[in-house]
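[1] no FASTA, just this:
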């Protein structure tokens, strides 16, 4: 979904492991690179990113694979790129990232509810980062690695976010510091 060739693109391709073949799907309505994606109830949400007109976008679009169609949703309150998303209880959490390619790194955490198409501000990340990975496990979100500034340093930091209590907790660092990881 999206990405960049020489410029941001709207291209969407689907891979079928059973047939080892790719199929072109409906393009995103807006070309974007650095977009974050999450899946809720079988629909793919493409959030934020950048294009040649804006260094960071608040754009949210949802793709329905069953109809091969896209729909526009409520913009994310904070435009950003190189952030991470994770899903807990059918809600998408957009975490940290940067406002432009020169910064600043944002501490912002926002929760998107696809059912109501609304965004809610959550507790800021204590150690904001870009280029980190976020994953949901057991109802909590783990923010892993990244960098606190556009030009480094690269971190091994891991923090846990609890959506129920809206709190962050420091966890054991990963063995190797990394950024731009999946």
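    Structure received. As the structure is a computational prediction, the values presented were derived from the model and not from experiment. Numbers count the residues shown, from 1 in each chain.
[2] just the strands in the chain please.
    For the chain, applying DSSP state E gives strands covering 13-16, 21-24, 36-40, 43-47, 60-64, 69-72, 84-88, 91-95, 109-113, 118-121, 133-137, 140-144, 158-162, 167-171.
[3] and of those, who's closest to residue 182?
    strand 133-137 (5.9 Å; C-beta to C-beta). (Glycine included, C-beta is placed from N, CA and C.)
[4] follow-up on the earlier one: just name the most buried of the strands of the chain.
    Highest mean neighbour count among the strands of the chain (mean count of other C-beta atoms under 10 Å): strand 91-95, with a mean of 23.
[5] on contacts alone, who are the packing partners of that one?
    Contacts defined by 3 or more C-beta pairs under 8 Å, 6 or more residues apart in numbering; DSSP states H and E place strand 91-95 against strand 36-40, strand 43-47, strand 84-88, strand 109-113, strand 140-144.
[6] can I get these in CSV with distance to residue 10?
    Formatted as CSV, the helices and strands packed on strand 91-95 follow (distance: least, C-beta to C-beta, whole Å):
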stretch, distance to residue 10
strand 36-40, 14
strand 43-47, 10
strand 84-88, 19
strand 109-113, 21
strand 140-144, 29
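[7] any chance of these in a markdown table, plus distance to residue 2 and mean pLDDT?
    What follows is the helices and strands packed on strand 91-95, written out as a markdown table (distance: least, C-beta to C-beta, whole Å; pLDDT from 0 to 100):
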| stretch | distance to residue 2 | mean pLDDT |
| --- | --- | --- |
| strand 36-40 | 9 | 97 |
| strand 43-47 | 7 | 98 |
| strand 84-88 | 14 | 98 |
| strand 109-113 | 18 | 98 |
| strand 140-144 | 22 | 98 |
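[8] out of those, flag the one nearest residue 21.
    strand 43-47 (19.3 Å).
[9] partner strands of the closest one and their direction?
    strand 36-40 (antiparallel), strand 60-64 (antiparallel) (DSSP bridges).
[10] can I get these in JSON lines including distance to residue 110?
    Below are these laid out as JSON lines (distance: least, C-beta to C-beta, whole Å):
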{"stretch": "strand 36-40", "distance to residue 110": "12"}
{"stretch": "strand 60-64", "distance to residue 110": "11"}
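[11] indicate which one of those strands is closest to residue 52.
    That would be strand 60-64 among these, by C-beta to C-beta, at 17.8 Å.
[12] brilliant, that's me finished.
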